[in-house]
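> structure of the sequence below:
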Amino acid sequence: MALKKLAISAAVLSVSRATQAAASFLTLPLLARLLAPEQFGLVALAMSFVLFTMAFADAGMGQSLVRTPPERREVWSSAFWMIAALSASLSVLLLVVAYPAAWVFNQPDLAPVVMALAPLPLLQGMLSPVIADLQQREKFPQQALAEFSGSAFGIVMAIVVAVNGGGAWALVGQQLAYITVKAAVLISFTRFRPQFVLSLKDLDAHIRFGRDTAGWSLINFVARQVDPLVIAKMIGASALGLYSMAYRLMSLPSYMFGGPIQNTLYTRMVRLRDDVPALRSLVLIASRAMASFLFPPMAMLAVTATPFIKVFLSERWMPMAPLLAAMAPVGGLFAVLGLNGPLLMATGRTDLRLKLSYEYTAIWIVAVLALATQGITAVAIGYSVVFLAYTPRLLQLFLQPIDGGVREYLRAISVPTLVSAGLVLAHLAATAVLPPLAPWVEMGLAVSEVLIGYGLIAWALHGRLNQDIRTLRSVLRSRETPAEAQAEAAFATQRIVAPAASRPLQEQEG
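Next up is the predicted model:
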């Protein structure tokens with residue numbers, strides 16, 4: 001039951017994210033034709049400031065609340081009011097820096113855009129206890145519904161504003177509509193209702209947890225936003241628009257699959273935090289499964305960047321082709337290695353998470369400042385090179401709490417890595433021998449190659465797959481809560497009494 005519930009939760013969130021991404025993907029060609037790269041770049045620059053404040057919106061206390069029993073209402077309420085005060089001050093900060101930022105980057109239109117987006121950190125911060133409540137109760141379908149509803153309304157808003165000539169405001173409206181609708185849906189499902197209580201003493205443990213998390217958020221923000229800021233200042237808004245679009249496509253695996261899987265695994269990792277062998281098995285199995293699913297399509301996207309852009313975007317985005325080709329290969333790895341976040345938080349090793357961030361950020365700041373002088377393509381290539389070069393160090397710290405080795409981890413993902421590399425070589429050989437292919441034809445060939453890759457991975461890992469499933473069942477069953485064990489027993493009884501009629505409802509409730 002625990003494995004089935006975990007799989008269903010991850011699948012629900014992933015399907016929701018995939019549906020959102022598919023909808024965004026289908027509307028992207030329209031927006032790409034209605035909006036210029038400079039307009040995408042303007043909003044990307046504004047979002048750099050907004051994302052900075054959103055990184056601190058809850059000071060890490062949201063994830064810490066997941067570890068707190070819901071009966072301790074005074075702790076939850078105290079955290080809510082502290083988060084509300086902090087996030088409100090961050091929204092005010094955006095209003096204050098809007099015009100100075102526009103002056104520094106010589107972008108007069110930047111100030112009103114930043115000011116329009118100022119409510120985002122306040123809304124995001126106040127939602128964090130609500131999300132923690134739903135995550136603790138593993139109400140992932142409700143979270144998925146909120147994500148999907150917000151995304152759908154955001155897309156509709158973007159299209160309507162863009163068609164009516166709103167320019168960059170289409171993307172601003174998308175962000176505001178998304179967070180507003182998402183908040184409305186989440187609030188309708190939560191049991192959390194804040195009391196008028198503020199006790200700093202009750203928050204000591206959460207503040208300590210949030211200290212490292214807030215530091216990680218700051219450094220992680222710098223790592224992710226230093227390149228847009230440097231590009232905007234040294235190369236220009238048009239180049240930033242191309243780079244931000246390539247980055248968005250590269251990070252789709254993290255958004256669609258990495259995030260949902262991390263959310264569902266986090267609560268399980270918290271329960272397993274004292275069982276090192278079980279945690280190690282969980283991490284290795286999850287990494288192998290994610291790599292098997294994500295590596296082949298991202299590898300093929302790297303070698304088909306040009307026909308991909310011709311088919312799905314437009315000729316005006318063709319300068320993005322070398323950027324996407326350079327960044328796509330690390331997209332799948334980026335999503336897989338994202339498991340370090342929930343693992344290190346669950347085991348209380350936020351210090352290692354912080355160390356990972358500041359080491360990588362220091363390297364990337366130096367690299368991007370040098371690479372930007374060589375052009376936007378050099379920045380894209382450098383992003384992948386730096387990330388790959390730092391991966392062994394990342395693995396060393398990531399695996400430390402579970403006594404894992406780098407070689408053991410690399411062996412776990414070796415099959416999908418080798419198959420993906422083989423697909424790339426096969427595609428390059430085929431396109432070199434065949435006459436020039438139309439973009440649609442080459443994309444069809446790439447899809448076929450990805451399916452072949454999945455078949456090869458399944459064949460190579462068929463024995464391992466059965467063993468992984470047995471291991472997961474054993475690991476998750478060993479740490480079921482009493483409520484889960486009761487649900488498992490009820491499910492088994494119900495399956496015997498009325499297998500066809502009652503199973504769907506019982507599964508959903510369990």
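> hey, let's count contacts and neighbours off CA atoms from now on
Will do.
> what kind of secondary structure is Ile187 in?
Reducing the assignment at Ile187 to three states with DSSP: H, G, I helix; E, B strand; the rest coil gives helix.
> repeat that for the one 4 residues further on.
Classification of Arg191 into helix, strand or coil gives coil, according to three-state DSSP.
> same thing with Ala57?
Look at Ala57: counting by three-state DSSP, its state is coil.
> confirm for me that it is in contact with Ala118.
No: with contacts counted by C-alpha atoms under 8 Å, Ala57 stays clear of Ala118, the gap being 12.0 Å.
> which secondary structure element contains the closest residue to Ile155 other than its chain neighbours?
Ranked by C-alpha to C-alpha, 6 or more residues apart in numbering and with sequence neighbours excluded, the top spatial neighbour of Ile155 is Gln174, at 6.0 Å. Using DSSP states H and E, Gln174 maps to helix 169-189.
> and for Ser287?
helix 276-303.
> quick one: contacts of the helix or strand following that helix?
Stepping forward along the backbone from helix 276-303, the first helix or strand reached (DSSP H and E) is helix 305-312. With contacts defined as C-alpha atoms under 8 Å, 6 or more residues apart in numbering, helix 305-312 is touched by 28-29, 301, 315, 317-318, 321-322, 324-325, 438-440, 442-443.
> and for stretch 158-168?
Contact with stretch 158-168 is made by 27, 31, 34-35, 39-40, 42-43, 169-174, as judged by C-alpha under 8 Å, 6+ apart.
> related to what we said a few turns ago, how about the contacts of helix 305-312, which pair is most distant?
Distances among the contacts of helix 305-312 were taken as C-alpha to C-alpha; the most separated pair is Leu28 and Ala438, at 21.4 Å.
> comparing those two, which residue is more hemmed in?
When Leu28 and Ala438 are compared for neighbours, Leu28 comes out ahead with 18 against 12, by other C-alpha atoms under 10 Å.
> roughly how far does the closest residue to Glu147 other than its chain neighbours sit from Ala152?
With C-alpha to C-alpha, 6+ apart as the measure, Lys182 is the residue that lies nearest to Glu147, at 5.9 Å, once sequence neighbours are left out. Lys182 sits 10 Å away from Ala152, taking C-alpha to C-alpha, to the nearest Å as the criterion.
> and Leu399, by the same measure?
Plainly put, Leu399 is 38 Å away from Ala152 if you go by C-alpha to C-alpha.
> then Arg464?
Separation of Arg464 from Ala152 (C-alpha to C-alpha): 39 Å.
> more neighbours: which of those two?
For Arg464 versus Ala152, neighbours defined as other C-alpha under 10 Å are more numerous around Ala152 (21 against 13).
> tell me which element the more buried one is part of?
With DSSP H and E as the criterion, Ala152 is inside helix 140-163.
> now that helix against helix 169-189, angle please.
160 degrees (axes from the mean of the first three to the mean of the last three C-alpha atoms, to 10 degrees).
> export helix 140-163 as PDB, just CAs?
What follows is the C-alpha trace of helix 140-163 in PDB, where atoms were taken according to Å, rounded to 0.1, in the frame of the first residue of the first chain:
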ATOM      1  CA  PHE A 140      -0.900  15.500  -3.400                       C
ATOM      2  CA  PRO A 141      -4.000  15.300  -5.700                       C
ATOM      3  CA  GLN A 142      -5.300  18.600  -4.200                       C
ATOM      4  CA  GLN A 143      -1.900  20.200  -4.700                       C
ATOM      5  CA  ALA A 144      -1.900  19.000  -8.300                       C
ATOM      6  CA  LEU A 145      -5.400  20.500  -8.800                       C
ATOM      7  CA  ALA A 146      -4.200  23.800  -7.500                       C
ATOM      8  CA  GLU A 147      -1.100  23.800  -9.700                       C
ATOM      9  CA  PHE A 148      -3.100  22.800 -12.800                       C
ATOM     10  CA  SER A 149      -5.900  25.400 -12.100                       C
ATOM     11  CA  GLY A 150      -3.400  28.200 -11.600                       C
ATOM     12  CA  SER A 151      -1.400  27.300 -14.600                       C
ATOM     13  CA  ALA A 152      -4.600  27.100 -16.800                       C
ATOM     14  CA  PHE A 153      -5.800  30.500 -15.800                       C
ATOM     15  CA  GLY A 154      -2.300  31.900 -16.200                       C
ATOM     16  CA  ILE A 155      -2.000  30.600 -19.700                       C
ATOM     17  CA  VAL A 156      -5.500  32.000 -20.700                       C
ATOM     18  CA  MET A 157      -4.500  35.400 -19.200                       C
ATOM     19  CA  ALA A 158      -1.200  35.400 -21.100                       C
ATOM     20  CA  ILE A 159      -2.900  34.600 -24.400                       C
ATOM     21  CA  VAL A 160      -5.700  37.200 -24.000                       C
ATOM     22  CA  VAL A 161      -3.300  40.000 -23.100                       C
ATOM     23  CA  ALA A 162      -0.800  39.100 -25.800                       C
ATOM     24  CA  VAL A 163      -3.500  38.900 -28.500                       C
END
